[in-house]
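1. Fold the stuff below for me.
(one chain, ligands or ions: 1)
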Amino acid sequence: MHYLAIKGKQKLSGSVAISGAKNAALPLLALTLLSKRKLNITNIPEVADVKTLLQLLTNLGAVSTCKDNTVDIDAISVNSACANYDIVRKMRASILVLGPLLARFGHCEVSLPGGCAIGQRPIDLHLKALEKRGAVIEIKQGYVLAKAPKGLQGTTIIFDKVTVTGSENIIMAAALAHGTTTLVNVAKEPEVVQVCEVLASGGVSIEGIGSSKLIIKGSGGKLLDIQDFSVIPDRIEAGTYLCAGAITKSKITLKNVNPKHLEAVILKLEQMGFKIDETKDTLTIHPAEKILPSDIETSEYPGFPTDLQAQFMALCTQAKGTSIIDERLFENRFMHVSELSRMGSNIKLKGHSATVEGKAKLNAADVMATDLRASSALILAALVADGTTKIHRIYHLDRGYENLEGKFSKLGAHIERLEE
Ligand code: EPZ
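-> Got it, this is the predicted structure:
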């Protein structure tokens, strides 16, 4: 196992290139199951989760190569509809093959994803929506057994809660359904929008892209003439690096970003005293005179993203005053608090809410990564702590951050990946 050693009190400078979005690449790779042609996909982040999903697709019979952030994939040869436990347990987003497999083959077996550190993360909304479309779903020995021998029928589906991968699963299934599907209360994340845009490039009629109501005319089971595409930039990776510039009071520039996907995040940083310049595909953050405390409530897009809650909590430890952070999406997304507290931060938890007292003097410590985004919060704290911090179990980070040490080193951080 490896750990990261990060020297504190570091200033950063220069620029960092943001990778393609992990949370767009995953549904888009599942979407290749609906394509009748080989696809060339660029700006793919070479992170562990993407490799896991490519492995799953290969196990199903797809043929793919992944090199220099480009995937060439032929899923036409897929001949199995059973996604087994040993892959799905590694990554819950594997559930994204459920909709496409069922729509294409009329049946599939997909292992139930485990929960994870941040919460129970059920898939009841995915399954309910498929049943509404004529699927017969059975849960047996930890597997979802789904059948729709006559294909999925178009109908109207209202999501009781906004679910990102639930929306993506059902949108992809609707693309091959018989008839028209109306979806209400659909997630509006940029990653969901790109799934719709790529399906539309394959001739699927989708009204309302980017809104919470979609009207999708299905192909009646016929595979789609999907066009090659490039994955959108990773807004969560971008937000993480913005926080790195902010917490170290550095001026840094992010390249290959889409500022429109980060409006809530940029606004929050400006309210905390930072100045941010933007062009069509770059963001430059300037140090704040004084970091101001902030009240943050996570919500669905375009609200403040839950995937940046931990990073902003680390930043709030350096603000002078009291910040309140409300996590509204997941029931257990404060795993970073105990590790940040061990570094000297003063954070009190009450239910969904964390009260962060700043400015806290942080000291280096041995800390443990618990989930992807909590781990990046520990890196931010380590950059300003006194001494060298060691972050263990960094396989969590490798799931979603491409070339982490390389990017941080290029910005001037002293960060090393060492053997335990
Ligand atoms: C996606 O997860 C992201 N993952 C998560 O990013 C992100 O935190 C989350 O959306 C919220 O933005 C991917 O896109 C691969 P949800 P997802 O379904 O789709 C409840 C990261 O760090 N719910 O939108 O699994 C659920 O428990 C990851 O990159 C149900 O109750 O999240 C949660 O409370 C972490 N039943 C809420 O909805 C369901 O059937 C939102 O979950 C589905 C979800």
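2. okay but Ile6 is in contact with Ala413, surely?
-> Yes: between Ile6 and Ala413 there is a contact under CB atoms under 8 Å: 6.8 Å. From N, CA and C alone the C-beta is placed, and that goes for glycine too.
3. higher neighbour count, these two?
-> Ile6 (25 against 22; other CB atoms under 10 Å).
4. how about the closest residue to that one other than its chain neighbours, what does it touch?
-> Distances taken as CB to CB, 6 or more residues apart in numbering place Ala382 nearest to Ile6, at 3.9 Å, with adjacent residues excluded. Ala382 sits next to 4, 6, 8, 343, 364, 367, 389, 391 when contact means CB atoms under 8 Å, 6 or more residues apart in numbering.
5. any chance of those residues in CSV, plus distance to the ligand and pLDDT?
-> Below are the contacts of Ala382 laid out as CSV (distance: CB to the nearest ligand atom, whole Å; pLDDT from 0 to 100):
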residue, distance to the ligand, pLDDT
Leu4, 18, 97
Ile6, 21, 98
Gly8, 25, 97
Met343, 22, 97
Ala364, 25, 97
Val367, 18, 96
Thr389, 21, 98
Ile391, 17, 96
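6. Can you get me a residue count around Val204?
-> Neighbours of Val204 (other CB under 10 Å): 22.
7. what about it, distance to Asp307?
-> Using CB to CB, to the nearest Å, Val204 is found at 28 Å from Asp307.
8. For the helix or strand encompassing Gln311, name the packing helices and strands.
-> Gln311 belongs to helix 309-316 when assigned by DSSP states H and E. Where contact means 3 or more CB pairs under 8 Å, 6 or more residues apart in numbering; DSSP states H and E, helix 309-316 is packed against helix 235-247, strand 295-297, strand 321-326, helix 335-342, strand 353-358, helix 372-384.
9. residues of the fourth one that come out buried?
-> If you call a residue buried by 16 or more other CB atoms under 10 Å, then helix 335-342 has these buried ones: 335-337, 339-342.
10. mean confidence score for it?
-> Helix 335-342 shows an average pLDDT of 95 in the prediction.
11. And the helices in the stretch 101-250 of the chain?
-> Here the stretch 101-250 of the chain has its helices, by DSSP state H, counting those that start in this stretch, at 124-132, 164-175, 190-201, 235-247.
12. In terms of mean pLDDT, which of the ones you listed ranks lowest?
-> Out of the helices of the stretch 101-250 of the chain, helix 124-132 stands lowest, with a mean of 93 (criterion: mean pLDDT).
13. tell me the angle of the helix holding Gln311 relative to helix 372-384?
-> Taking axes from the mean of the first three to the mean of the last three CA atoms, to 10 degrees, one finds helix 309-316 and helix 372-384 inclined to each other by 20 degrees.
14. what's the spacing between helix 309-316 and its chain's center?
-> From the chain centre to the centre of helix 309-316 is a distance of 17 Å (CA atoms, centre = their mean, to the nearest Å).
15. Then stretch 354-363?
-> Counting by CA atoms, centre = their mean, stretch 354-363 comes out at 27 Å from the chain centroid.
16. what comes into contact with that stretch?
-> For stretch 354-363, contacts defined as CB under 8 Å, 6+ apart pick out 8, 291, 293, 313, 316-327, 334, 337, 343-348, 381, 384-387.
17. which ones are touching Leu323?
-> Not Leu; residue 323 is Ser. If you count contacts by CB under 8 Å, 6+ apart, Ser323 has them with 293-296, 313, 316, 355-356, 358.
18. Of those residues, grab the buried ones for PyMOL.
-> To isolate the buried ones among the contacts of Ser323 in PyMOL, judged by 16+ other CB under 10 Å, type:
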select buried, resi 293+294+296+313+316+356+358
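19. Would you format the contacts of Ser323 as JSON lines with pLDDT and distance to Ile73 included?
-> As requested, the contacts of Ser323 are exported to JSON lines (pLDDT from 0 to 100; distance: CB to CB, whole Å):
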{"residue": "Pro293", "pLDDT": "98", "distance to Ile73": "47"}
{"residue": "Ser294", "pLDDT": "97", "distance to Ile73": "42"}
{"residue": "Asp295", "pLDDT": "97", "distance to Ile73": "44"}
{"residue": "Ile296", "pLDDT": "98", "distance to Ile73": "38"}
{"residue": "Met313", "pLDDT": "98", "distance to Ile73": "38"}
{"residue": "Cys316", "pLDDT": "98", "distance to Ile73": "41"}
{"residue": "Thr355", "pLDDT": "98", "distance to Ile73": "47"}
{"residue": "Val356", "pLDDT": "98", "distance to Ile73": "44"}
{"residue": "Gly358", "pLDDT": "94", "distance to Ile73": "47"}
